[in-house]
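**Q** okay, here's the prediction I keep looking at, along with the sequence it came from:
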There are 2 protein chains.
Amino acid sequence: MVTIRDVARTAGVSIATASRAINDSPLVAGETRARVQDVAARLCYSPHGAARSLSTSRTHTIGILLPDLYGEFFSELIRGIDQTAQGEGFHCLLASARHTGPLLEGALRSMRGRVDGLILMSPEFTGELSRRTLPEGFPVILVHCPPTEQHKDGVLVANDQGARAMVRHLAGLGHRRIAIIRGAEGNYDATERLRGYREALAECGLVAEPALEAPGDFSEESGAGAVRELLALPPPEQPTAIFAANDCMAIGALSALREAGLRVPEDMGLGGFDDIPMARYMTPPLTSVHVDISALGARAAARLLDLLQGRAGPAPYRETFPTTLVVRQSCGANLLTTPRRVAV
Amino acid sequence: MVTIRDVARTAGVSIATASRAINDSPLVAGETRARVQDVAARLCYSPHGAARSLSTSRTHTIGILLPDLYGEFFSELIRGIDQTAQGEGFHCLLASARHTGPLLEGALRSMRGRVDGLILMSPEFTGELSRRTLPEGFPVILVHCPPTEQHKDGVLVANDQGARAMVRHLAGLGHRRIAIIRGAEGNYDATERLRGYREALAECGLVAEPALEAPGDFSEESGAGAVRELLALPPPEQPTAIFAANDCMAIGALSALREAGLRVPEDMGLGGFDDIPMARYMTPPLTSVHVDISALGARAAARLLDLLQGRAGPAPYRETFPTTLVVRQSCGANLLTTPRRVAV
DNA sequence: TGTGAAAATGTAAACGTTTACATAGCCCTG
DNA sequence: CAGGGCTATGTAAACGTTTACATTTTCACA
């Protein structure tokens, strides 16, 4: 492997000068710089990352710690982060701490000396854990996490606002019995979306009924299962519209409704959340709440980079990403045929 | 920041002993090891990654270099890789080199001293580039790339086999005019799938017609556009079945067909490729070619780790991942109603 | 009780950089 | 021409580890 020594020797300068030339320091004569850079190119020299990091105590890498790597949300988030990071010459070190507790601690630990800052998404992350695993004042941007004592910076999605918009929209179409298919137990988004759902019901003067809050876990199957559960209710108690806490469940719900011989939206209105690319291509096209996840990732990265490059003060930064309701046909708006069960 | 010196001092041993104790070396007395580890835990010591890497010239990190980070393929691939890597205590450093040439070179360069090996997917990667950017003998696993002079290890998907299976299946259902919606120009998968399509036609005694090879770029829109193009052909030249080179385009095609008032599969058979999770939830459920991408990633990572851990000889390793045809309803098999245009 | 091997520990070099500080050459000014 | 300020370069320490080698301790055995 060719090191800076080799470059220096070949160019006939000291290591220090070689280093300066390579880093475009103004302290080196133009002619020397050119010669050194020329030699470096000829020898195919590239600086050793670890050595550089050790010396400068900067890694030019941001860590991404996620609970999982499954699904569109994470890939979009990563894409947004990576794009922004790459724009400033930063790398991304990826880790997922599927399981809780000790594994998360290990993952955090192993980041020491490998990253300059962290974009972190984990419900398990607490101030106490931070104290044990991260150097004091280590830059962290939280995604979807409540702030901790040490780390107040974060971005989050206006889940409740989105859910409210959806439910109000359904109510506006005349639905009085609106069910929700809930997300995974304990999940942040799930909780917030449920909250938004309940708030909207209250605003619209409707009462929340436990029977209309079907459990789910964000998977297609659970969406289908929830529908079967709802359709097992005695007819007067059945909903006329369903709000699925994400699009996957909405899609599962759609297929279960079809199996049950119900038409969407005529017999049952349906709304999802996330507006995944596929949503518009469903039959009928799915009404959903749009969230620009990659933009969310990009913002998180941008803020972290501001911190790292000294462009931002330590003032706590929290940004709530707004959502937008995308009305298509599954909800029953834009309806060409006549609904059977909904009184308008 | 607490370093190994602090641990050593507090535990009353030399740095060397502290290091050994922390790394569970057998060269240290059990009692000493316990004491040191105790101190380390109390001080919340975690070893500095860069320092360690510099000293051992091992980073315990594998680099992932992809052309892009968009879509299910990449996220699944990354998931498979990360899972396997994490199992052996390795990290993943992610980079995407969207653009070609110099950017790719820079990305490769910047990996020096940061990763122990590389999982690389880029059509632009050549032996010459490798020589310029990577140390000799640097472990690389290629995904979907032709082998180069230095790097022969790689995994790939049996794209042509999958495409052949699909087209043969369609032909077996009686279709004589089978169109393809091609993938992005120059893309590896696209080329292979097209090749499989043509081979299968030949095998079945059908003639390839340029008019039936509609261009596409893997996006939903392009799928819809291709369908409009095909339907613009004079009726006798129109296809009775369409093979879309991926599921996204198949979904776009589905919605364009519906707009045109055609029923799937009665009026037009349809098949996709990739078997994305959503495929089964389409109306009708999409017949597709299943590829287990995360397993592909896992295999690539496993092979790389074998190389890195000295468990495998340098014998070139190439694995072609088989695909499986998943027959649902969009192709016209399992058909309940009668097809209008297909002679069986 | 002395000897030697084995076990435990310590000393210091090495990994490849960056950078504070020292030095050398040069030009300008008085 | 001495002195002082630049500018360009070199020397060497530092970053936090690991590890080859040296040294000390322990302990079994003759």
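**A** Nice, thanks for sending it over. Predicted model only: the values in this text are computed from it and were never measured.

**Q** ok now do the residue in the stretch 101-250 of chain A that DNA strand C sits nearest to, which residues does it touch?
**A** As assessed by Cβ to the nearest atom of the strand, DNA strand C sits closest to residue A:113 within the stretch 101-250 of chain A, at 12.1 Å. All C-beta spots, glycine's among them, are computed from the backbone N, C-alpha and C. Neighbouring residues of residue A:113 by Cβ atoms under 8 Å, 6 or more residues apart in numbering or on different chains: A:53, A:54, A:59, B:47, B:48, B:49, B:50, B:51, B:52.

**Q** how close does the residue minimising distance to the centre of chain A get to chain B?
**A** Residue closest to the average C-alpha location in chain A (Cα atoms, centre = their mean): residue A:77, at 4.5 Å. Per Cβ to the nearest Cβ, to the nearest Å, residue A:77 is found 10 Å from chain B.

**Q** tell me which element that residue falls in.
**A** Assigned by DSSP states H and E, residue A:77 belongs to helix A:72-87.

**Q** now residue A:201, nearest residue through space, not along the chain?
**A** Leaving aside its sequence neighbours, residue A:201 sits nearest to residue A:208 (Cβ to Cβ, 6 or more residues apart in numbering or on different chains; 5.2 Å).

**Q** go ahead and confirm the one you found touches residue A:195.
**A** No. Residue A:208 is beyond contact range of residue A:195, at 11.0 Å (criterion: Cβ atoms under 8 Å).

**Q** picking up where we left off before, assign the closest residue to the residue nearest to the centre of chain A other than its chain neighbours to helix, strand or coil.
**A** Closest residue to residue A:77 apart from its sequence neighbours, by Cβ to Cβ, 6+ apart: residue A:297 at 4.1 Å. Here residue A:297 takes the helix state, with states given by DSSP: H, G, I helix; E, B strand; the rest coil.

**Q** residues in contact with residue A:297?
**A** Neighbour list for residue A:297: A:76, A:77, A:78, A:79, A:80, A:81, A:84, A:119, A:143 [criterion: Cβ under 8 Å, 6+ apart].

**Q** and it, how far from chain B?
**A** Going from residue A:297 to chain B by Cβ to the nearest Cβ gives 10 Å.

**Q** what do you get for residue A:233?
**A** Taking Cβ to the nearest Cβ, one finds residue A:233 at 24 Å from chain B.

**Q** for that residue, which residues are in contact?
**A** Contacts for residue A:233 (Cβ under 8 Å, 6+ apart) come out as residue A:211.

**Q** part of a helix, is it?
**A** No. Counting by three-state DSSP, residue A:233 is not part of a helix but coil.

**Q** if we can go back for a sec, ok so the residue of the stretch 101-250 of chain A closest to DNA strand C is a strand residue?
**A** No. Residue A:113 sits outside any strand when classified using three-state DSSP, being coil.

**Q** who in the stretch 51-200 of chain A is up against DNA strand D?
**A** Proximity of the stretch 51-200 of chain A to DNA strand D, by Cβ under 7 Å from any atom of the strand, involves residues A:54, A:55, A:57, A:113.

**Q** 6 Å - rerun?
**A** Proximity of the stretch 51-200 of chain A to DNA strand D, by Cβ under 6 Å from any atom of the strand, involves residues A:54, A:55.

**Q** show me the shaky parts of the stretch 51-200 of chain A.
**A** The model of the stretch 51-200 of chain A has pLDDT under 70 over residues A:99-100.

**Q** now the strands for it?
**A** Listed in chain order, the strands of the stretch 51-200 of chain A (DSSP state E, counting those that start in this stretch) span A:61-66, A:91-96, A:117-120, A:140-143, A:154-157, A:178-181.

**Q** so what strands line up beside the third one?
**A** It stands for strand A:117-120. Applying DSSP bridges to the sheet, strand A:117-120 is found paired with strand A:61-66 (parallel), strand A:140-143 (parallel).

**Q** spatially, what comes nearest to residue A:151 if we skip its sequence neighbours?
**A** residue A:140 (4.4 Å).

**Q** residue A:292 too?
**A** The spatially closest residue to residue A:292, leaving aside those adjacent along the chain, is residue A:321, at 7.1 Å (Cβ to Cβ, 6+ apart).

**Q** please name the residues that touch residue A:295.
**A** Taking Cβ under 8 Å, 6+ apart as the test, what residue A:295 contacts is A:80, A:321.

**Q** let's go with 7 Å and repeat that
**A** residue A:80 (Cβ atoms under 7 Å, 6 or more residues apart in numbering or on different chains).

**Q** try residue A:155
**A** With Cβ under 7 Å, 6+ apart, residue A:155 has these contacts: A:141, A:143, A:296, A:299, A:300, A:319, A:321.

**Q** I'd say the second one and residue A:119 touch.
**A** Yes. Between residue A:143 and residue A:119 there is a contact under Cβ atoms under 7 Å: 6.3 Å.

**Q** of the two, who's got more company?
**A** Neighbours were counted for residue A:143 and for residue A:119 using other Cβ atoms under 10 Å in any protein chain shown; residue A:119 has more, 28 against 23.

**Q** tell me the secondary structure at residue A:206.
**A** Quick answer, by three-state DSSP: residue A:206 is coil.

**Q** joint contacts of residue A:143 and residue A:119?
**A** Counting by Cβ under 7 Å, 6+ apart, the residues touching both residue A:143 and residue A:119 are residue A:300.

**Q** pull the CA atoms of the helix or strand hosting residue A:320 into CSV?
**A** Assigning secondary structure by DSSP H and E places residue A:320 in strand A:318-321. Extracted C-alpha coordinates of strand A:318-321, given in CSV (Å, rounded to 0.1, in the frame of the first residue of the first chain):
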residue,chain,number,x,y,z
ARG,A,318,-37.0,20.6,16.3
GLU,A,319,-38.8,20.4,13.0
THR,A,320,-42.2,18.8,12.5
PHE,A,321,-42.7,17.7,9.0
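
**Q** pull the distance from it to the chain's centre.
**A** Distance, stretch centre to chain centre, for strand A:318-321: 12 Å (Cα atoms, centre = their mean, to the nearest Å).

**Q** cool, stretch A:198-210 as well?
**A** Between the centre of stretch A:198-210 and the centre of its chain there are 28 Å (Cα atoms, centre = their mean).

**Q** what is the neighbour count of the residue nearest to residue A:248 when sequence neighbours are not counted?
**A** Closest residue in space to residue A:248, ignoring its immediate chain neighbours: residue A:220 at 5.2 Å, by Cβ to Cβ, 6+ apart. Using other Cβ under 10 Å, the number of residues around residue A:220 comes to 23.
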